[in-house]
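Chemist: this one's sequence-less:
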């Protein structure tokens, strides 16, 4: 047995290695690059510095690593039974983030964000959540560091995924369905679209509005921004070393699901690092929902990260800030845009998008569960479906890596809907 891979001591910042610098975020009013002062009402000082960092590696503070030790390093599993089920010559490895306390990769950045807010003396954080994985991760982290948390959960998921809400409340946070009547942006949306299922863009607007209006509060984002992507690179840093320990020089293709982009970027960027330094030729596939295809159908341009236009303008692949996705069960992927750094790597040719239909993702998720015993989150099942399609077509061995971003044990009603034949491509 190889020795366990150690927990990374530093996060990896891909911006330091890219041949073309990533486009800056712009102030929504002046359209000039944002300054640290522009972000002070929303984020603690360390996260503002990380958002524009140029160092290749940024040290992970020991208190964060101490919490990471609860579940990191996360396992890299050879999925031999899945290989047999697919009839493929590929060697398939799965990086499994479902071992975290809340069952997903979101905890990697939640712990970091709560820590840095606590360091600045912040007493309250506001945030949004889709399926509830981010909300539960941040509520766990805020409980660790003694911070009050208020969460706006996308209405479609608030109604269909009550167990995530229960988990958030168990850790001590308050949850509201979004859009709500608690904010100006929420009331405006409800007045115009009273039956809206909500979206992450709307929920972001509500959480940002409350944080900006409270001098004692700050805002935390579960994906998209550079500092979030940075924290998630513990996934890929571990996976690169674990793959080597398993006797594989590198991966041929890496598959990850993509909504806001933090999970895929966290897994992929250390593999892209190997490509940038001429140590590998790995391809990255971003598996996104066909109902919300920001990479494959969106435009690469500046857009707001929220519906109300309260956030900075971000250069990203986007379907438009007012895009309301269908209420698919992969609530964590229902976002109109894609992380700017990930979008930049798509534009540079290091990552390619692939749209996956909801029914195809659940079919792959069921196949994987029956082969490997792990029920994947509906989000993760998109990456499994993309990998399965590719692996079935191979005639020669290749090394494939799947980012299994979380488990689906709190998503079993969605699986039951699929098994009963009640699931469609959009709901």
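Modeler: Received, thanks. Bear in mind the structure is a predicted one, so any value in this text is a computation, not a measurement.
Chemist: shaky segments in the stretch 201-350 of the chain?
Modeler: For the stretch 201-350 of the chain, the stretches with pLDDT under 70 are 327, 330-331.
Chemist: what mean pLDDT does the host helix or strand of residue 382 have?
Modeler: Assigned by DSSP states H and E, residue 382 falls within helix 378-392. For helix 378-392, mean pLDDT is 97.
Chemist: How far off centre is that helix?
Modeler: 17 Å (C-alpha atoms, centre = their mean, to the nearest Å).
Chemist: That helix packs against which elements?
Modeler: When contacts are defined as 3 or more C-beta pairs under 8 Å, 6 or more residues apart in numbering; DSSP states H and E, helix 378-392 sits against helix 80-86, strand 253-257, strand 283-289, strand 351-356, helix 358-372, strand 399-404. For glycine as for every other residue, the C-beta is placed from the backbone atoms N, C-alpha and C.
Chemist: In TSV, list the ones you listed along with mean neighbour count.
Modeler: What follows is the helices and strands packed on helix 378-392, written out as TSV (neighbours: other C-beta atoms under 10 Å):
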stretch	mean neighbour count
helix 80-86	17
strand 253-257	30
strand 283-289	27
strand 351-356	20
helix 358-372	21
strand 399-404	28
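Chemist: Reformat these as TSV; add distance to residue 234.
Modeler: Below are the helices and strands packed on helix 378-392 laid out as TSV (distance: least, C-beta to C-beta, whole Å):
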stretch	distance to residue 234
helix 80-86	24
strand 253-257	14
strand 283-289	17
strand 351-356	19
helix 358-372	23
strand 399-404	13
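Chemist: relative to strand 253-257, how tilted is the helix holding residue 382?
Modeler: 150 degrees (axes from the mean of the first three to the mean of the last three C-alpha atoms, to 10 degrees).
Chemist: how far does stretch 186-201 stretch from start to finish?
Modeler: 11 Å (C-alpha to C-alpha, to the nearest Å).
Chemist: which residues sit against that stretch?
Modeler: Stretch 186-201 is contacted by residues 128, 130, 152, 154-158, 177-181, 202, 205-206, 259-260, 304-308, 321-327, 334-336 when judged by C-beta atoms under 8 Å, 6 or more residues apart in numbering.
Chemist: Recalculate using a threshold of 6 Å.
Modeler: 128, 130, 154-156, 178-181, 202, 206, 306-307, 321, 324, 327, 335-336 (C-beta atoms under 6 Å, 6 or more residues apart in numbering).
Chemist: Quick check on those residues: which are buried?
Modeler: Taking 16 or more other C-beta atoms under 10 Å as the criterion, what is buried in the contacts of stretch 186-201 is 128, 130, 154-156, 178-180, 202, 206, 306-307, 321, 324, 327, 335-336.
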